[in-house]
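> give me a model of this one.
(chains A, B and C)
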Amino acid sequence: MGRAVPELPDVEGYRRVLAEHAVGRRVRQVRVTDSGVLHGVSPAGLDRALRDRRFTEPARHGKWLLAHTDGPTLLLHFGMTGSLHWAEEDQPVHRHDRVLVRTDGGELRYRDMRKLQGLRLAHTDDEVDRVLAELGPDAAAVDVDEFVDRLAARRRAAVKAVLTDQAVVAGLGNLLADEILWRAGVHPATGTGALDRARLGRLHREMRAVLARAVPAGRVPDRPGWLTGRRDDPTGACPRCGGPLARTRLAGRTTVWCPVCQPE
DNA sequence: GACGGTGTTGAGTC
DNA sequence: TGACTCAACACCGT
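Numbers count the residues shown, from 1 in each chain, chains lettered A, B, ... in the order given. All right, here's what the predicted structure looks like:
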């Protein structure tokens, strides 16, 4: 665990860490071992804001985790390498544990090797909204009509780039986008304008299906029959047709697809 | 020891 | 408008 790049299902898993362990607990102390992960707040300010506050039901939007309390809200983003762990205080601290939130019954640990994103603090609902302002609807919640409308509005762009654009729908990363496109039989470089409503609807259906399986697992599973898991094998074969997979760089990311199942 | 690859996000350029 | 590069960062394999 903690290996995969965090996408919506992973962050949902971290939300469950909060929901199962932190809700109802009172913050005793916040320790920051690397202030490079804090944005807009100092280590002392974070401790001051959260100390004696009680965690309430957490939420998630896209790849953002919202750790609500009976005071301010801590917003966490996991970048490429972040994770969230619940530990007993005497458990050894990992070298990449950057923020430790000690409560009256265990410790919440924000771990991140590369500090590409990090933590923000919001004192009001308005401040929370401001952080999330540029995001589209959550990928696990958006209905088919809105999904189709939002993709269709970006008709000239490659569908892979649109799916991973957090302003269109929030939560999909590189692995999920490739998995969804592969399942839907859509070539990743296709302009969304070239996709009719039926194809866009198919993308929505596959997105929901992939998320329905990945969210309970807390990750994009690399089980047989999924594209994920074959993608790191240079001689990987398509789980559907057995043919060789293709790989290229699209929108700045490694993109894997099947030339047979996903024709141009 | 240097370098390229890894992929999220935002800034900047064409 | 979209495609592109770079920079942030740390680690790994070559």
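
> which positions in the stretch 1-150 of chain A make contact with DNA strand C?
Within the stretch 1-150 of chain A, the residues that sit near DNA strand C (C-beta under 7 Å from any atom of the strand) are A:36, A:80, A:95-96, A:113-116. Just so you know, the C-beta spots here come from the backbone N, C-alpha and C atoms, and that holds for glycine as well.

> go with 6 Å
Proximity of the stretch 1-150 of chain A to DNA strand C, by C-beta under 6 Å from any atom of the strand, involves residues A:113-116.

> from those residues, pick the one nearest DNA strand C.
Nearest to DNA strand C among those, counting by C-beta to the nearest atom of the strand, is residue A:114 at 3.6 Å.

> show the pLDDT at the closest one.
pLDDT recorded at residue A:114 is 91.

> cool, and residue A:1?
Here, the pLDDT recorded for residue A:1 equals 43.

> buried ones in stretch A:18-31, by neighbour count?
A:18, A:21-22, A:25, A:27, A:30-31 (16 or more other C-beta atoms under 10 Å).

> may I have it as CSV, with CA atoms only?
As requested, the backbone C-alpha atoms of stretch A:18-31 are provided in CSV (Å, rounded to 0.1, in the frame of the first residue of the first chain):
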residue,chain,number,x,y,z
LEU,A,18,-10.5,9.3,8.8
ALA,A,19,-14.1,8.1,9.1
GLU,A,20,-13.2,4.9,10.8
HIS,A,21,-10.5,6.2,13.2
ALA,A,22,-10.5,10.0,13.6
VAL,A,23,-14.2,11.0,13.8
GLY,A,24,-15.1,12.0,17.3
ARG,A,25,-11.5,12.2,18.4
ARG,A,26,-10.0,15.4,19.8
VAL,A,27,-6.8,16.9,18.5
ARG,A,28,-4.1,17.1,21.2
GLN,A,29,-1.2,18.4,19.1
VAL,A,30,-0.1,18.9,15.5
ARG,A,31,3.6,18.2,14.7
